[in-house]
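> how would this look folded up:
(chains A and B)
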Amino acid sequence: MFDQTRDPLLSGLETHRSSRLQFRIVTLALAAALIMAMLIVRLFFLQVVQGESLREQAHGNRLRSTPLLAPRGNIYDQTGKVLASNQESHALFFDPRRLSNPQIYQTLQTLAQYLETDFESLRDRLDFEALQPVYLYHDLSPEKLALILEHRERLPGITISTNLERHYPAREKMTHFLGHMGQISSKELKDPTYRHYFAGTMIGKGGLERNYELFLKGADGKNQEEIALDKNLDSKRITVPPIPGHRLQLTIDLGLQNFCYQQLKQSGVAGSIVIMDPKNGEVRALVSYPAYDPQLFNQGLSQKQWQDLQNDRLHPFLDRSTNSYAPGSIFKVITTLAGLGTGKLSPERRFSSRGSLRVAGHLFNDWNRAGFGNVDIYDALAFSIDTVFYELSQEMGIEPIRDYALALGLGQKTGIDLPQEGVGIVPDREWKKKNLGQDWQPGDSVNASIGQGYVQMTPLQATRMISAVANGGYLVTPHLVQSISGQPGLSLHPNAQLKAQKIPNIPHEHWQVVQQGLEEAVSRGTVKGMQVPGVRVAGKTGTAETIPGQPNHAWIVGYAPVENPQYAITVFLEHGKSGGGKAAPLGGRILNYLFKRSS
Amino acid sequence: MESRQSSQGISRLSLFLLVALLAYSCLGVWSTSVVQEGSYGLFYKHLFSIGLGFAVFVTFSLVGYRLLQSWAPFLYGLLLVLLLWVLIMGPSVAGSRRWIFLGGFSFQPSEFAKMVLTMTLSIHLSRISRWTPGQIILLLVHIGLPCLLVLREPDLGMTLVLIGLFFSMLLVSPFSSWILGLSLSPLISIGLYFWNESLWRLHLIGAAVALLVLAVVGYLRQWGIRGLLVFGTLLLTINGSVIAAGTMLWSNLKPYQQERILTFISPNPDTLSSGYQVQQSKIAVGAGGWTGQGLFQGSQTQLGFVPEQHTDFIFSALAEETGFLGAGFLLLLFTCLVFRILWIGFQAQEDQQLYICTGVASLLLMQLLINLGMNMDMMPVTGVPLPLISYGGTAMLFQMSLLGLVESVYRQQKRPDLSPELNW
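Model prediction:
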């Protein structure tokens, strides 16, 4: 205790001047000096060293920029009917800059309740480094929009932006080639193609939406406002107007497309129908069934919807028009041309059809075990007599068949303006060695000659092949886009330069043989189901064996009218059993529809 | 001896520092309330609390610490009652009970604790003549009771400030350096661990190696440093085992128990790290540059980008609008104030004077460090206002009363005969 009786000054000196306490007091003073120096140095660092950049950030805070979204270009069919357009939808943005942490927390909590999502998913969208409004939620339903507008004062920092969303009136009927919209993925963001895009943007996923993204997109504008400190002054405004996206006009015929989709749907099996102008490759209808609703992706698929679509036995996401399958007898077109080209076959040659043929010790049956007797190549094409082609394959070997298949565009991309397509398989010795590690057997050539075994093609390739027969030897490039137009009067024809290519080394007479054989197939052979009153139709069926125990794939390819072909058609029914029985009547209904409509 | 005026009234230096700091305060509150929000209400309230604070300052400096210390037991009792009251009856605001509302007034008992404990601890410490274990336990109860109550609110920041106050006063007492070192070093160790784990590991290894070298050299040279070595080993063991035991205990807790502890430490369910607020405050400070954006011209401040700017984040407004020249001068004023208080303490004529000055100076320092640190993005956000500058009546009142105590010490040193007698 402090001794009252002694002189206070002396006592103080005695207590504090002891060297130990003196040291401690100096320590305290040093700590104080250190803390104050640290604070002043930090202040200097922020204001003088980093001042320039932080001042810029402060200025950035004053700029309030609202994007003016460019409407995406519409897509029309060949007659100007709308295939894809834009509709208004509402998205949520959150500006946390003026809010304290508890406010941010509460706003997000409340919002999560209204939106019926979890808080974490909203919180994860915040970015503490980038001080700008963040995109929170897309496509509010009218009920949720009303709920949020009603409770606006409980949700500080939340803004609602009205957006344009893609609308497809035909829904699933042409989803595979039109594609759909979806949020840009982090992987796509790194792609230089999308360098002007930012997270959260909707981009075309798949189909034409993706292939023509840069035309359809247009350029977003912005409404920028520099907020004035003085509330009496107007803030500076800069408006950069958006540039609307280009519109696409397609070669597609909406009525035909719808009709084909209905027909395919009624058939009850998965499949594809392709209808194309054989002279120039303009695709009139490109159908794949089953399909999915492209507008589901605007809202974002729920986990359940996605799972259901993924687990669907019929794989609705698969575009069957560009997927490869065993073609069956439609491949006989190739074998015929190869036979004619190698001189092994002539229109005059006669064959004896006995219902089967023995090759290298194996017995290969005809589809008609009874046989057809004494026949020529026209009969063989008309009735799809297998043994004729077996014989030809044994005389030629696989090489000419391979060469003519390649010449007619098989085994390679057709060049259609879609992001993805299958190439099929044109097998030969090297292919088998490389892919299966086995030697080529004589039986393999036999199988290949009737489009069985390893041969595969896509319905689109089949259409291209039959177009070449129809137009007398020209290989066309299938395409969907007729023209791209931006400002009025300015339009682009991206596919106009795609001239039909003359297939070399096949004389006119050879094409005539095939054309006549296919016309006879419709008039008196296996494709009778495709007859159209008063119109000359040519066609070929295909029935391809698939996995043992599963029904065969059913095909027809054809064109009409024979004298001046306007339509090349392919009908493919996955496990559709029989080309003549199932696919041909379907093709017949479509051709009847087409010619009835035009007359 | 100084001039007559200073010894009779308040010293000129104190007056200058106070007026200058309060002028800054008025400027900041004016800018963040009147200019920004367009209402005078807050500013008038602030002027009122400054007036009241000044009256308290003058009263305390004139009445003197000696007279006030006779009220100390009563004040300590009142403090405990208020802290209990706030726990039982206080309304829960943002997950903690810190405020008492009486009529139109609101009052924070933990601010009161700073003033009361500065006084009672200074008396208690100055009366200890022999440091017996019993005395030490009594001292621990003295500081521990209010600390536990404040911690229960919960207000971890204020609890740490009060513990800091206690240790700073212990530092200038004749209390054993060894024990002080032993009890302080784990705190530093824990801080280091949370700041940077590898640095913490490095400091333990470094200390162990130094100790080993010292032991070998000491043995060879036959230095009599056995005591130092034992102390060092003890220190090292404690530092290491505190963290080891802590992490082991933590990992053995069930997740819900961990959750409970975390919500106790930080009752705001605020998982947004330092968040936008600190980021915006940092931008505001930086945007000031050398000379500032001009009074009432700061875009961050006037457009309201920094929340709670008239209270905890007032420094960012002053820094943005007055720049390094203005804000640096403010820090200089604070430095002068802190050193003036310490200087008065060094010239103490009796123990209690030293304790009071040390307590007031270290309270000021801790609050400056925490508040300015969070304004400049060096510290986590805790609700500690900037002393003498931030809007807020309770804090202003008790800060002024503490400065009044120091002033009374100064007056006592100049003219012992002027102060009223102890037993009145």
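> so residue A:210 makes contact with residue A:193?
No: the criterion here is Cβ atoms under 8 Å, and residue A:210 misses it with residue A:193 at 10.2 Å. Just so you know, the C-beta spots here come from the backbone N, C-alpha and C atoms, and that holds for glycine as well.
> have a look at chain A and report its longest strand.
Counting residues, the longest strand found in chain A (DSSP state E) is strand A:82-94.
> who are the packing partners of the helix or strand following it?
Sequence order places helix A:101-115 as the next helix or strand after strand A:82-94, per DSSP states H and E. Using 3 or more Cβ pairs under 8 Å, 6 or more residues apart in numbering or on different chains; DSSP states H and E, the elements in contact with helix A:101-115 are strand A:82-94, helix A:119-123, strand A:134-137, helix A:142-150, helix B:275-287.
> which of residue A:210 and residue A:193 has more neighbours?
residue A:210 (20 against 10; other Cβ atoms under 10 Å in any protein chain shown).
> re earlier: so which of the helices and strands packed on helix A:101-115 is the most surrounded?
helix B:275-287 (a mean of 27; mean count of other Cβ atoms under 10 Å in any protein chain shown).
> for that one, name the packing helices and strands.
Packed next to helix B:275-287, using 3+ Cβ pairs under 8 Å, 6+ apart, are helix A:51-62, helix A:101-115, helix B:299-302, helix B:314-346, helix B:351-375.
> could you list the buried residues of the last one?
Going by neighbour count (16 or more other Cβ atoms under 10 Å in any protein chain shown), the buried part of helix B:351-375 is B:351-375.
> same check on the longest one?
Of the residues in helix B:314-346, those with enough neighbours to count as buried (16+ other Cβ under 10 Å) are B:314-324, B:326-328, B:330-331, B:333-342, B:344-346.
> quick one on the thing from earlier: how about the helices and strands packed on helix B:275-287, which one is nearest residue B:43?
Residue B:43 lies closest to helix B:314-346 among the helices and strands packed on helix B:275-287, at 12.7 Å (Cβ to Cβ).
> quick check, the closest one touching chain A?
Yes: Helix B:314-346 comes into contact with chain A (Cβ under 8 Å from any Cβ of the partner chain), by way of B:319-320, B:323-324, B:327-328, B:331-332, B:334-335, B:338-339, B:342, B:345-346.
> quick one: mean pLDDT over that helix.
Taken as a whole, helix B:314-346 carries a mean pLDDT of 94.
> how far is it from where the chain is centred?
Distance of helix B:314-346 from the chain centroid (Cα atoms, centre = their mean, to the nearest Å) equals 16 Å.
> okay, now the unreliable bits of the chain?
As the question left the chain open, I've gone with chain A. A:1-20, A:127-132, A:138-139, A:230-233, A:299-303 (pLDDT under 70).
> you answered for a different chain; I wanted chain B.
B:1-9, B:93-95, B:103-104, B:259-275, B:416-424.
> give me the most central residue, it.
Closest to where the C-alpha atoms of chain B average out (Cα atoms, centre = their mean) is residue B:363, at 3.2 Å.
> now that one: how far from chain A?
Separation of residue B:363 from chain A (Cβ to the nearest Cβ, to the nearest Å) stands at 12 Å.
> I'd guessed that residue sits against residue B:117; true?
No: in this structure, residue B:363 is not within contact of residue B:117 by Cβ under 8 Å, at 9.4 Å.
> other residues contacting stretch A:383-392?
Stretch A:383-392 is contacted from outside by A:329, A:332, A:335-336, A:338-339, A:344-345, A:351, A:353-357, A:359, A:364-368, A:371-372, A:375, A:377, A:379-380, A:446, A:449-450, A:521, A:525-526, A:540-541, using Cβ atoms under 8 Å, 6 or more residues apart in numbering or on different chains.
> residues in contact with residue A:65?
Residue A:65 neighbours (Cβ under 8 Å, 6+ apart): A:222, A:223, A:224, A:225.
> roughly how far does the third one sit from chain B?
With the distance defined as Cβ to the nearest Cβ, residue A:224 ends up 16 Å from chain B.
> buried sites along the one helix or strand residue A:395 maps to?
Under the criterion of DSSP H and E, residue A:395 resides in helix A:386-396. The neighbour-count check on helix A:386-396 (16+ other Cβ under 10 Å) flags A:386, A:387, A:388, A:389, A:390, A:391, A:392, A:393, A:394, A:396 as buried.
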